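[1] What follows is a predicted structure for the sequence shown.
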Amino acid sequence: MAVRTKTVFACQQCGSQSPKWQGRCPDCGEWNSFVEERQLVAKGKAQRAATKGAVPQRLAEVTISDEDRIRCGMPEFDRVLGGGVVPGSLILIGGDPGIGKSTLLLQAVDRLAGHGTALYVTAEESTRQVKLRAERLGVKADDLFLLAETSLETILQRVREERPAFLVIDSIQTIFTQMVESAPGSVSQVRECAGQLMQLAKGESIPTFLVGHVTKDGAIAGPRMLEHMVDTVLYFEGDAGHPYRILRAVKNRFGSTNEIGVFEMLEPGLVEVPNPSEIFLAERPDGAAGSAVIPSLEGSRPILIELQALVSGTAYGNPRRTTMGIDHNRVSLLVAVLEKKGGLSLLNQDIFLNVAGGVRVAEPAVDLGVLAAIASSHLDRPLDERTILFGEVGLAGEVRAVSRPELRIKEAARLGFNRCLLPAGNMKNLETPDGINLHGVRHVEQLLDELF
């Protein structure tokens, strides 16, 4: 095939291309992010011949088959994937360095190897290093093969020779192809390697797992197109100071998004946590002001978590608002609502808010719990230990209804809570579990009256 070399400058943050170097990317605004890359482009008749492919087909003539999902034997991992691994799917897993991405995949393919041969391509470590980790994790599958290689062409050749049932690439940023004359990890390399691996996964019906590095902002490094190409995007989250890890699905073509799986990092590896609510509430202090329990809904799973607030007088002219595990701007908004509509004076108070256990919450249903924890710490009056709260709060101080209240209440009743403060709009046609009393709240003032 007749080819020519094309030189472009590509932004390493967003993938934008330009024929010349630019100091600032016009698309994402990043400075000094353009890097020179050389691409091989087919020309003339060879290019036109290469574009010939599939022909149109009637929708009625397309045949489908009900392919069963392959369960890897890790219920938390299967839950996030939507029930198991779909044949031919391309799954991208990202996370901070050392969070446990390689550990999770090594344990997963150890169980998947019982359904067929698994090929683990380690492009960052040697086979000896992977073997040491496998011995620590107790991985002893006979049908698990290791390949230390960074060349995409060699990897594709070995896959076609071995015909594995599962493929793991660790990581996509260290794989390179000879079709692109740029360093591994560049935008062009990641895009081209992911495209060829996608064709392999779809064409050969091989479930493929890709490990992706993340940037300092927490997003997967490389072009944003990478997340659009794959079928499933999973983020492995966690705090270095806590043993718990959360596997979160932000995209899934074969299941629900925003599902999470909870793991605990121990000496023998990642251990699943089937009941995370009990774990997160195990060390909750008794009779402490500023502690509130909220049922947060992650996908289809309700999880009870503890919000801790500390309100104290400031020594400076500008009071601080510090948050951990929750959006800082959202907390500032709720503090203003609590002061304006609730009648509490917080202008000269430092406010610190923490989600215990290293969990991150983002849904608006935690608003009521945030207000209750801040008010409890400010008034130095503990909340009832068997009371939970959930609901969204508007700028006018009104309490708005949230989704799936029955799941949240059922989880709280299962763990022994006997009182629930929720939006009055959620009280309609709501089945109350035995042993728990429901109190509908319409305004922030009514919330404070109910609590104190």
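    Cool, got the structure. Bear in mind the structure is a predicted one, so any value in this text is a computation, not a measurement.

[2] distance between the longest strand along the chain and the chain's centre?
    Longest among the strand segments of the chain by residue count, using DSSP state E, is strand 301-313. Relative to the mean C-alpha coordinate of its chain, strand 301-313 is positioned 21 Å out (C-alpha atoms, centre = their mean, to the nearest Å).

[3] Just checking: what are the partner strands of that strand?
    Paired with strand 301-313 in the same sheet, following DSSP bridges, are strand 291-298 (antiparallel), strand 349-355 (antiparallel).

[4] In the protein, where is pLDDT below threshold?
    Within the chain, the stretches with pLDDT under 70 are 1-4, 39-54, 64-67, 217-218, 221-223, 240.

[5] Let me see the domain layout of it.
    Structural domains assigned to the chain are 3-48, 71-274, 279-451, following automatic domain parsing.

[6] for the strands paired with strand 301-313, which one ends up most surrounded?
    Mean neighbours per residue, mean count of other C-beta atoms under 10 Å, is largest over those for strand 291-298, with a mean of 24. To be clear about C-beta, it is placed using only N, CA and C from the backbone, and glycine gets the same treatment.

[7] contacts for that strand?
    Taking contacts as C-beta atoms under 8 Å, 6 or more residues apart in numbering, the residues outside strand 291-298 that touch it are 248, 258-260, 281, 284-285, 302-309, 359, 361, 363, 365-366, 368-370, 372-373, 376, 382-383, 387-390, 403-404, 407-409, 411-412, 417.

[8] So which of the residues you listed sit within strands?
    Among those, DSSP E puts 248, 260, 302-309, 387-389 in strands.

[9] so which of these is the most crowded?
    residue 389 (29 neighbours; other C-beta atoms under 10 Å).

[10] quick one: the strands in the stretch 51-200 of the chain?
    90-95, 118-122, 144-147, 166-170, 180-181 (DSSP state E, counting those that start in this stretch).

[11] between the fourth one and strand 118-122, what angle do the directions make?
    This means strand 166-170. Angle between the axes of strand 166-170 and strand 118-122 is 10 degrees (criterion: axes from the mean of the first three to the mean of the last three C-alpha atoms, to 10 degrees).

[12] still on that earlier bit, what's the most distant pair in the ones in strands among the contacts of strand 291-298?
    Farthest pair in those (C-beta to C-beta) is 248 and 387. Separation: 28.3 Å.

[13] who are the neighbours of the lengthiest helix in the chain, in terms of helices and strands?
    As assigned by DSSP state H, the longest helix anywhere in the chain is helix 187-204. Secondary-structure packing of helix 187-204 (3 or more C-beta pairs under 8 Å, 6 or more residues apart in numbering; DSSP states H and E): strand 3-11, strand 34-42, strand 90-95, helix 152-162, strand 166-170, strand 180-181, strand 208-212, helix 225-229.

[14] roughly how far is it from the heart of the chain?
    22 Å.

[15] what does it rub up against?
    10-12, 15, 37, 39, 88-90, 152, 156, 159-160, 163, 167, 169, 172-173, 175-177, 179-180, 182-183, 206-208, 210, 221-223, 225-226, 229-230.

[16] Just the buried ones from the residues you listed?
    Among the contacts of helix 187-204, the ones that count as buried by 16 or more other C-beta atoms under 10 Å are 10-12, 15, 37, 39, 88-90, 152, 159, 167, 169, 172-173, 175-177, 179-180, 182, 206-208, 210, 221-223, 226, 230.

[17] one step back: pick out whichever of the ones in strands among the contacts of strand 291-298 sits closest to residue 290.
    Among the ones in strands among the contacts of strand 291-298, and counting by C-beta to C-beta, the member closest to residue 290 is residue 309, at 4.3 Å.

[18] how about the nearest residue to the closest one, chain neighbours excluded?
    Nearest non-adjacent residue to residue 309, counting by C-beta to C-beta, 6 or more residues apart in numbering: residue 373, 3.8 Å away.

[19] Can you report how many residues lie near that neighbour?
    Neighbour tally, residue 373, other C-beta under 10 Å: 28.

[20] picking that back up, dump the helices and strands packed on helix 187-204 to a markdown table, plus distance to residue 447.
    Shown next, in a markdown table, are the helices and strands packed on helix 187-204 (distance: least, C-beta to C-beta, whole Å):
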| stretch | distance to residue 447 |
| --- | --- |
| strand 3-11 | 48 |
| strand 34-42 | 53 |
| strand 90-95 | 37 |
| helix 152-162 | 58 |
| strand 166-170 | 49 |
| strand 180-181 | 58 |
| strand 208-212 | 43 |
| helix 225-229 | 40 |
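
[21] Out of these, which is closest to residue 441?
    The closest of the helices and strands packed on helix 187-204 to residue 441 is strand 90-95. By C-beta to C-beta, the value is 38.0 Å.

[22] What lies in contact with that closest one?
    81, 85, 101, 104-105, 172, 197-198, 201-202, 207-214, 220, 226-227, 229-238.

[23] can you list contacts of stretch 96-112?
    The set of residues external to stretch 96-112 that reach it, using C-beta under 8 Å, 6+ apart, is 70, 72-74, 77, 85, 93-95, 118, 120, 125, 130, 133-134, 137, 139-141, 144, 165-166, 168, 170, 209, 211, 213-214, 218, 236-238, 240, 245, 247, 263, 265, 269-270.

[24] let's go with 7 Å and repeat that
    Contact with stretch 96-112 is made by 70, 72-74, 77, 85, 93, 95, 118, 120, 133-134, 137, 139, 141, 144, 166, 168, 170, 209, 211, 214, 236, 238, 245, 265, 269-270, as judged by C-beta atoms under 7 Å, 6 or more residues apart in numbering.

[25] And stretch 440-450, by the same measure?
    With C-beta under 7 Å, 6+ apart as the test, stretch 440-450 has contacts from 337-338, 341-342, 368, 371-372, 375, 391, 393, 397-399, 421-424, 427, 439.

[26] ok, back up a step: of the domains of the chain, which is nearest residue 57?
    Of all the domains of the chain, the one in closest proximity to residue 57, counting by C-beta to C-beta, is domain 71-274 (16.0 Å).

[27] That closest one: end-to-end distance?
    17 Å (C-alpha to C-alpha, to the nearest Å).
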